[in-house]
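curious how this folds, go ahead:
(one chain, ligands or ions: 1)
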Amino acid sequence: MKPTRSITIFGATGDLTHRKLLPALYSNFKKKRLDPGTRIIGYARRDWTSEYFRERARDGIQTYNAASYDEETFRRFANCISYVRGNLDSAEDFAGLESVLSETEESGDGRLYYLAIAPKYYARVCTYLSEAGMADESRGARRVVIEKPFGHDRKSAAELDAIIHDSFHESQVFRIDHYLGKETAQNILFLRFANTIFEPVWNRRYISSVQITVAEKVDVGTRAGYYDESGVLRDMFQNHLLQLLALTAMEPPASLDADDVRNEKAKVLRAVAPVRFGDTVRAQYVGYRNADGVASDSTTPTFAAMALYVNTWRWQGVPFYLISGKALREKTSEIIVRFQAPPGVLFNLQNCDGYTPNAVSVCLQPNEGIHVKYQVKVPDRGNASRTVNMSFDYQKAFPDSPIPDAYERLLLDSVQGDASLFARSDEIEASWRIIDPILQAWDHAGKSGGSYQASSPGQPGAQQLAMQRVPPLSFYEPGSWGPYEADDLLLRNGHQRQFGCVGPTGEQDYCSDCTDTED
Ligand code: BG6
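Residues are numbered from 1 along each chain as shown. As a prediction, this is how the structure comes out:
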């Protein structure tokens, strides 16, 4: 597909543009992945000049992409940048933008519109673009990138989709989930499908559970206004965690084409069984209610854990534990795939203290890497065994290739028209279908918890959801690993919650001596 010749950023004066988009575009430019003739147009309400926008771009790059900044490259990059002042709800301003864009365009030149704006404007901007003739592809590609959150629930996401689809065909829409742009998330498909040793055992016959953790050290900071309305399920689960689950659980796609990949992810999400409310944990960190913009009696969860079941031939009965929260002890995102223990005939491992069955741990961040845990014999200790690591560490393996920011890859892909790392409409719908009933039950049960009758009897599985007990909101200390109820959720099924990414040496955890089998 032909790369677009222009990138228009709506919300050009905002934080996302400053911290992520311009530094990522600069990196692509420096690596010569962006055509030097590409135009980057910032569009926003503020009375900025192109000159000032370029200075802000320089500041953003120097602050957030310092290692790659050099003056000469920036000078050339700055030549691509300009600024157009305009409102998001003025047909006249969109007409003005259209004439700026078409001024230097040749027939066939494509455009990318990046909506780095508040979600309430997504629908409106798409409609204005369409009314100004700016969605029409007869003179070149017209793509629109839409940030998360995509909708507030299943209904609002469907409504938003309907409005967007009045203006843009699904193939023109790129719904961004920056977790899909992370190198390590992309590596899940390589790990599974480029290696003969993993795929044959990647199923219910060999795997006992999967734990997907995205722990954050930061609290809600200055985003409390947004966060208190959203909570952790909308902020992290509906998108990032479910996308990681889909990558971990999907069937091999027929090819790496966007639709082949997304078909398989959508199938997994559709196969997730309605979550039992008793298999969920919701919690809030102590002190959250004192943050500016948070209601003093807020019941918004800043932490959640749940067990999900993917009802497919491959996964039936295997719990997928999804865990995420803010103000936790460390920032760590990790997928741990735990295998079943071997038959206890020779080594009696199951009775050994500290024995850990095989596991593959994909550390998404920090300490990006993949670690395989397996048993070896401890020298000179009879038949004692110990868990050790076979480790791949990005930094060690690729010392000259620093891991790029997720936005770098995603921006480049959207410029090039490759949607494989973007969520399709049906994936979003399927994700909300999983999350919506939990949100409703939690809202309904409020602070104390209680029974909840599923509200939509037509929904598959609703009967199972009827009159379930909803766990009360619990509280955890900032700097901890969250509430004990999350550990309990795993323990109930005989699994142990893992905290923190396993470092490259594997000394942090897992490793422990196993007693001799001959006593
Ligand atoms: C965003 C959420 O999508 O992801 C934030 O809105 C969260 O609340 C962030 O902090 C986490 O992203 P990362 O890349 O820092 O793990």
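
so, low pLDDT: which residues of the stretch 301-450 of the chain?
Within the stretch 301-450 of the chain, the stretches with pLDDT under 70 are 350-351, 353-354.

one more time with 80, if that's ok
The stretch 301-450 of the chain contains residues with pLDDT under 80 at 344-345, 347-355, 382-384, 446-450.

around the ligand, pick out the residues from it.
Counting by CB under 6 Å from any ligand atom, the residues of the stretch 301-450 of the chain close to the ligand are S333. For every residue, glycine as well, the C-beta is placed using N, CA and C.

below-threshold pLDDT in the stretch 101-250 of the chain: ranges please.
Along the stretch 101-250 of the chain, no part satisfies pLDDT under 80.

need the contact list for the residue in it that the ligand sits nearest to.
Of the stretch 101-250 of the chain, the residue with the smallest distance to the ligand, taken as CB to the nearest ligand atom, is D235 at 4.8 Å. For D235, the set of contacting residues under the criterion of CB atoms under 8 Å, 6 or more residues apart in numbering consists of P149, Y227.

next up, the contacts around the nearest residue to D70 once chain neighbours are set aside.
In space, D70 comes closest to K30 once its chain neighbours are excluded; the distance is 7.9 Å by CB to CB, 6 or more residues apart in numbering. Contacts of K30 were listed using CB under 8 Å, 6+ apart, and they are S68, D70, T73, F77.

ok, of these, which one's closest to N367?
When the contacts of K30 are compared for distance to N367 (CB to CB), S68 wins out at 21.7 Å.

kindly state the pLDDT recorded for that closest one?
You'll see S68 listed with a pLDDT of 91.

count of neighbours near it?
The burial count assigned to S68 is 15, neighbours taken as other CB atoms under 10 Å.

then V144?
Burial of V144, expressed as a neighbour count using other CB under 10 Å, amounts to 25.

the helices in the stretch 201-350 of the chain, which residues?
224-232, 242-249, 258-271 (DSSP state H, counting those that start in this stretch).

how far does the last one sit from its chain's centre?
Between the centre of helix 258-271 and the centre of its host chain there is 16 Å, according to CA atoms, centre = their mean, to the nearest Å.

that one: which residues count as buried?
For helix 258-271, a neighbour-count test (16 or more other CB atoms under 10 Å) marks 258-259, 261-271 as buried.

which bits of this protein sit near the ligand?
For the chain, the contact set with the ligand under CB under 6 Å from any ligand atom comprises K148, H178, E216, D235, S333.

which residues touch V173?
Taking CB under 8 Å, 6+ apart as the criterion, V173 is in contact with R143, V144, I146, I164, S425.

could you say which helix or strand contains the second one?
What it means is V144. Applying DSSP states H and E as the criterion places V144 in strand 142-146.

strands paired with that strand, and their directions?
strand 110-115 (parallel), strand 173-175 (parallel) (DSSP bridges).

go through those and name the closest to A135.
A135 lies closest, by CB to CB, to one member of those: strand 110-115, at 8.7 Å.

what packs against whichever helix or strand comes after the closest one?
Heading C-terminal from strand 110-115, the first helix or strand you meet, by DSSP H and E, is helix 122-131. Packed against helix 122-131 by the contact rule (3 or more CB pairs under 8 Å, 6 or more residues apart in numbering; DSSP states H and E) you find helix 91-103, strand 110-115, strand 142-146, helix 154-167.

distance to V376 added to those, as CSV?
CSV is the format used below for the helices and strands packed on helix 122-131 (distance: least, CB to CB, whole Å):
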stretch, distance to V376
helix 91-103, 62
strand 110-115, 50
strand 142-146, 48
helix 154-167, 49
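
can you pull the contacts of A132?
A91, F94, A95, L97, E98.

narrow the residues you listed to those that are buried.
Neighbour counting with 16+ other CB under 10 Å marks F94, L97 as buried within the contacts of A132.

pick out the residue of the stretch 351-500 of the chain closest to the ligand.
Per CB to the nearest ligand atom, Q365 is where the stretch 351-500 of the chain lies closest to the ligand, at 6.3 Å.

so for that residue, what's the nearest residue that isn't a sequence neighbour?
When the adjacent residues along the chain are set aside, Q365 lies closest to S333, with 5.0 Å between them (CB to CB, 6+ apart).

please name the bridge partners of that neighbour.
Beta-bridge partners of S333, as defined by DSSP bridges: V214, Q365.

what's the neighbour count on it?
Applying other CB under 10 Å, I find that S333 has 24 neighbouring residues.

again, but for A158
Residues lying near A158 (other CB under 10 Å) number 14.

show me the contacts for the residue lying closest to it once chain neighbours are set aside.
Spatial nearest neighbour of A158, excluding adjacent residues (CB to CB, 6+ apart): E429 at 6.7 Å. Applying CB under 8 Å, 6+ apart to E429 gives the contacts R154, A157, A158, D161.

state the distance from the residue positioned nearest the centre of the chain to T196.
Ranked by distance to the mean C-alpha position of the chain (CA atoms, centre = their mean), the top residue is H240 at 2.4 Å. H240 sits at a distance of 29 Å from T196 (criterion: CB to CB, to the nearest Å).

can you tell me the closest non-neighbouring residue to W432?
Take W432 and drop its neighbours on the chain: the residue closest to it by CB to CB, 6+ apart is R154, 3.7 Å away.

the one you found is in contact with D436, isn't it?
Yes. Using CB atoms under 8 Å, R154 makes contact with D436 at a distance of 4.7 Å.

pull the longest helix from the protein.
Secondary structure assigned by DSSP state H gives helix 425-445 as the longest helix of the chain.

circling back to that earlier point, widest-spaced pair of the buried residues of helix 258-271?
Longest span within those, CB to CB: A258 and A271, 20.6 Å.

thought I403 was touching Y394?
Yes. Using CB under 8 Å as the test, I403 is close enough to Y394 to be in contact (6.0 Å).

overlap of the contact sets of the two?
Contacts common to I403 and Y394, judged by CB under 8 Å, 6+ apart, are E183, T184, E368.
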